[in-house]
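In: Below are the sequence and a predicted model for it; my questions follow.
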Amino acid sequence: MKHLLTLLTMSALCAGAWAQELTVADGTVTENRIPVCGNYYDFTGKYTHMIYPAEMLSEMEGADITAVTFYATANIGFNGGNETLDVKVVDETSIYDKVTEGLTRVFAGTIVPEGDKMTVTFDEPFTYSGGNLLLSFMWDGSGSYQDVSFYGIEATGASVWYSFSSTLINFLPKATFAYSAETSDYAARVNPTEVAFGTVPANNVPATINVKVTNRGALDITPAVAIEGEGFATAYEATTLAKGQAVDVPVTLTATANGEYTGTLTITAFEGEGGTFALPLSATVTDPVYEITVSDGTSTSNYIPLYSYYWDESPRAQTIYNMADLAELAGKEITSVTYYPTANIDLSLNGEATLSMGTTELNYFYGHEEFLPVTACGTWTPQSDGSFTITFDTPYLYTGEENLVVDFHVTTSGTSYASGSFYGKTYSTSDSEKTFSMYQYSTYPYTSSFVPKTTFGYRPAETPAEPVITVTPDFGTYDGEQTVMVAVENQPEGSAIMYRFEEAEAGNAPRRLEGDNWNAYNEETGIVVDRSGLLTIALVDANQEEITSIEGEYVINMDVTGIETVTAGKTVAAVRYFNAAGQAADKAFSGVNIVVTTYTDGTQAVAKVVK
């Protein structure tokens, strides 16, 4: 619906408010691209930004801005189309890149200039609480055009005009702001009036939204704050506000468990009617989501990552992303890629594309006329909502040791095509050889210095648990020989257990042997320790590199107390071992053994030994 935009003459106002005007940047300098570029009013995707510094607007602090008027050097002939005006309080006083976050839309409709004035009446008043004020115009190209200039002043870096790239303009247009101010003793405004966190991944908690409280009355107020509801908190400290002053009340989402959370933020700005505000709180906490966005710019390309106009001819594009920009991804598994079209690209839901990844030592494509080798990660079919998120069938482990190559290839051509472009950055450099993307839609590839805005979804690579070596029996002192069994918890696939025993001479510490003297461990027989010494157990990988190891000393006491005293000089003919069940063997059983030694003279000696 069209809006007839004329300077608002407020003949009827809410009780306690009265209309005022403030004119700023009143000069004779002229510019034909700011606040809007009438000569390009029939082009889509254009926008302008301009920043009015706080010192110009101090008179309006605490007031509601209801309209703004700009002044042309002649009657304005462009009109029609669909325009939007967004505003935001910012820290900076100069600007270059496009601002997309934190904007408040105050107008959407059709601007109809009157004579040499262009007035925009806000759909909703904007409460100005001080600070540098950004105004952002956009239009859809459906109107008529006329080259016309506007009055203003020279102001370094105050404005930006975007056509096919961003252009910094040292100009600030003359503007008259219409606003309303309270005349009552007590009045206040809060913004926003609802605190909705939306869906928040658990790894983004805590998250904070500020609620601005502005004193719009004549007397001081000291707002009080209370929160009801699990999962929310505030660090607000009571602050006294004079007329026109404002304070931020931080509301923090603290809940980390998955679920939906609701509550109420109560702000009592002053006692009495109209002094208490109850703001609903809401949030949904989900599983962690990890992502990184690179090349976030306002440049556009029809060719990268997808030349949709040739969707029916299997276009392909590759981009090299510098590893320095992807440090956060090093050692992670990439699970998805998202691109950002400037508008919905209708590809009639047919055909299929494959997204693949690889790495390269190349920093750019110049002089390299072939696509780089890549591995397929996922497939994508056109979506009716225009979104370009490719979720991988096979996550890609990016080591971060080389630059990343991303390949988008239409492998099954569609029967339709559509024109479209994507946001990103065009990297200007004195070295014209630096081309970071390559695309093909006909016979041979072309190169480009454009890198598309890209969001990589990822998950931390699974870290295997550390292996732990244990021995049974544990290191220590024992009577008789011991069979040592080794166990490894969390043993990596392909690893092996090796051991080395260093014998101790009587009364001395174990001596280190020359060379490795390593043996492969046999899990069936274990390690027989029949004398004192140092046992080292090592877990090694397929290259015989040590993963982890333990070592300890066994002291073996082979002295026995027999039922009969062994006569010195006798020669042993045979030794038999008997367990508690009466079974006999030539070697000792585990546990308690009765050892029967037979000598060549026919005598026997009996002893008890614990293994």
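Out: Yep, that arrived.

In: From now on I want contacts and neighbour counts done on CA atoms only, so please keep to that.
Out: OK.

In: three-state assignment of residue 327?
Out: Assigned with DSSP: H, G, I helix; E, B strand; the rest coil, residue 327 falls in the helix class.

In: Run a quick neighbour tally on the residue nearest to it when sequence neighbours are not counted.
Out: Excluding the flanking residues, the one nearest residue 327 by Cα to Cα, 6 or more residues apart in numbering is residue 400, at 6.5 Å. Residues near residue 400, counting by other Cα atoms under 10 Å, number 19.

In: wouldn't residue 400 be in contact with residue 329 here?
Out: Yes. Between residue 400 and residue 329 there is a contact under Cα atoms under 8 Å: 6.9 Å.

In: State the distance from the residue nearest to residue 327 to residue 326.
Out: Note on residue 400: its distance to residue 326, by Cα to Cα, to the nearest Å, is 7 Å.

In: same check, this time on residue 213
Out: The spacing between residue 213 and residue 326, counted by Cα to Cα, is 40 Å.

In: So the two - more neighbours on which side?
Out: Neighbour comparison, residue 213 and residue 326: the larger count goes to residue 213, with 22 against 17 (by other Cα under 10 Å).

In: Verify the stated contact: that one with residue 248.
Out: Yes. With contact defined as Cα under 8 Å, residue 213 counts as touching residue 248 (6.3 Å).

In: In the stretch 1-150 of the chain, where is pLDDT below threshold?
Out: Along the stretch 1-150 of the chain, segments meeting pLDDT under 70 span 1-18, 80.

In: Which residue ranges of it form helices?
Out: Per DSSP state H, counting those that start in this stretch, the stretch 1-150 of the chain carries helices over the ranges 54-57.

In: what residue ranges in the stretch 501-611 of the chain score low on pLDDT?
Out: Checking the stretch 501-611 of the chain against pLDDT under 70 turns up 505-516, 558-572, 593, 606-611.

In: Kindly recompute the last result at 80.
Out: 503-517, 558-575, 577-583, 586-611 (pLDDT under 80).

In: Same question for the stretch 351-500 of the chain.
Out: 351, 365-370, 380-387, 411-420, 427-445, 460-464.

In: hey, where'd the strands end up in it?
Out: 352-360, 375-380, 388-398, 403-412, 422-426, 437-440, 446-448, 450-452, 454-460, 468-472, 476-479, 482-489, 496-503 (DSSP state E, counting those that start in this stretch).

In: So which of those strands is nearest residue 221?
Out: Among those, strand 454-460 comes nearest to residue 221, with 45.1 Å by Cα to Cα.

In: What pairs with the closest one, parallel or antiparallel?
Out: strand 290-294 (antiparallel), strand 332-339 (antiparallel) (DSSP bridges).

In: Mind exporting the C-alpha coordinates of it to PDB?
Out: Extracted C-alpha coordinates of strand 454-460, given in PDB (Å, rounded to 0.1, in the frame of the first residue of the first chain):
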ATOM      1  CA  THR A 454      30.200 -18.300   3.200                       C
ATOM      2  CA  THR A 455      29.100 -19.900   6.500                       C
ATOM      3  CA  PHE A 456      30.800 -23.100   7.400                       C
ATOM      4  CA  GLY A 457      29.000 -25.300   9.900                       C
ATOM      5  CA  TYR A 458      31.300 -27.600  11.800                       C
ATOM      6  CA  ARG A 459      31.600 -29.900  14.800                       C
ATOM      7  CA  PRO A 460      34.700 -30.500  16.900                       C
END
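
In: Numbering from 17 from now on, please.
Out: Sure, I'll start counting at 17 from here, so that last one is strand 470-476.

In: Could you tell me the angle between that strand and strand 404-414?
Out: 50 degrees (axes from the mean of the first three to the mean of the last three Cα atoms, to 10 degrees).

In: and for strand 470-476, what are the contacting residues?
Out: Contact partners of strand 470-476, identified using Cα atoms under 8 Å, 6 or more residues apart in numbering, comprise 305-312, 345, 347-356, 440.

In: which of the residues in that strand are buried?
Out: 470, 471, 472, 473, 474, 475 (16 or more other Cα atoms under 10 Å).

In: Distance check, the first one against residue 202.
Out: Residue 470 sits 49 Å away from residue 202, going by Cα to Cα.

In: now swap in residue 502 and tell me
Out: Distance from residue 502 to residue 202, by Cα to Cα: 80 Å.

In: out of these two, which sits in the more crowded spot?
Out: Remark: of residue 502 and residue 202, residue 202 carries more neighbours, 22 against 19, as counted by other Cα under 10 Å.

In: show me what contacts the more buried one?
Out: Here residue 202 is in contact with 231, 232, 233, 234, 235, 237, 286 (Cα under 8 Å, 6+ apart).

In: still on that earlier bit, for ChimeraX, write the select line for the buried members of the contacts of strand 470-476.
Out: The buried residues among these can be selected in ChimeraX (16+ other Cα under 10 Å) with this line:
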select :306,310,311,312,345,347,348,349,350,351,352,353,354,355,356,440
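
In: Would you mind confirming that residue 153 is in contact with residue 63?
Out: Yes. Contact criterion Cα under 8 Å: residue 153 and residue 63 qualify, at 5.5 Å.

In: Now for the two: what residues contact both?
Out: Contacts common to residue 153 and residue 63, judged by Cα under 8 Å, 6+ apart, are residue 52.

In: Would you indicate which residues of stretch 110-126 are buried?
Out: In terms of neighbour count (16+ other Cα under 10 Å), stretch 110-126 has its buried residues at 110, 111, 112, 113, 114, 119, 121, 122, 123, 124, 125, 126.

In: Pull the residues that contact it.
Out: 17-20, 65-67, 95-104, 136-142, 172-176, 182-184, 313-314.

In: again, only using 6 Å
Out: With contact meaning Cα atoms under 6 Å, 6 or more residues apart in numbering, stretch 110-126 is reached by 18-19, 96-104, 138-140, 173-174, 176, 184.

In: domain parsing for the protein?
Out: Taking automatic domain parsing as the reference, the chain has its domains at 33-198, 204-302, 307-476, 484-573, 588-626.

In: What separation is there between residue 472 and residue 41?
Out: To residue 41, residue 472 is 44 Å away according to Cα to Cα.

In: Distance of the most centrally placed residue in the chain relative to residue 78?
Out: Centroid check for the chain by Cα atoms, centre = their mean gives residue 307 as the closest residue, at 3.2 Å. With distances taken as Cα to Cα, residue 307 is found 39 Å from residue 78.

In: can you list contacts of stretch 285-305?
Out: Residues outside stretch 285-305 that contact it (Cα under 6 Å, 6+ apart): 209-219, 239, 274-284.

In: Give me the subset of those lying in strands.
Out: Of the positions in the contacts of stretch 285-305, 211-217, 275-284 sit in strands, assigned by DSSP state E.

In: What subset of these is buried?
Out: Counted by 16+ other Cα under 10 Å, the ones in strands among the contacts of stretch 285-305 give 211, 213, 216, 217, 277, 278, 279, 280, 281, 282, 283, 284 as buried.

In: and the last one, what is it in contact with?
Out: Listed by Cα under 6 Å, 6+ apart, the contact set of residue 284 reads 239, 240, 291, 292.

In: Farthest pair within the residues you listed?
Out: For the contacts of residue 284, the maximum inter-member distance is 10.4 Å, found between 240 and 291 (Cα to Cα).

In: So which residues of the stretch 167-316 of the chain form helices?
Out: Counting by DSSP H, counting those that start in this stretch, the stretch 167-316 of the chain contains no helices.

In: pLDDT weak spots in it?
Out: By pLDDT under 80, the low-scoring segments of the stretch 167-316 of the chain are 179-182, 197-199, 260.

In: the strands in it, which residues?
Out: Using DSSP E, counting those that start in this stretch, the strands of the stretch 167-316 of the chain run over residues 182-189, 191-198, 204-207, 211-217, 223-231, 240-244, 248-249, 262-269, 275-284, 292-302, 306-310, 315-317.

In: Tell me the buried residues in the third one?
Out: Just to be clear, that refers to strand 204-207. Applying 16+ other Cα under 10 Å to strand 204-207 flags 204, 205, 206 as buried.
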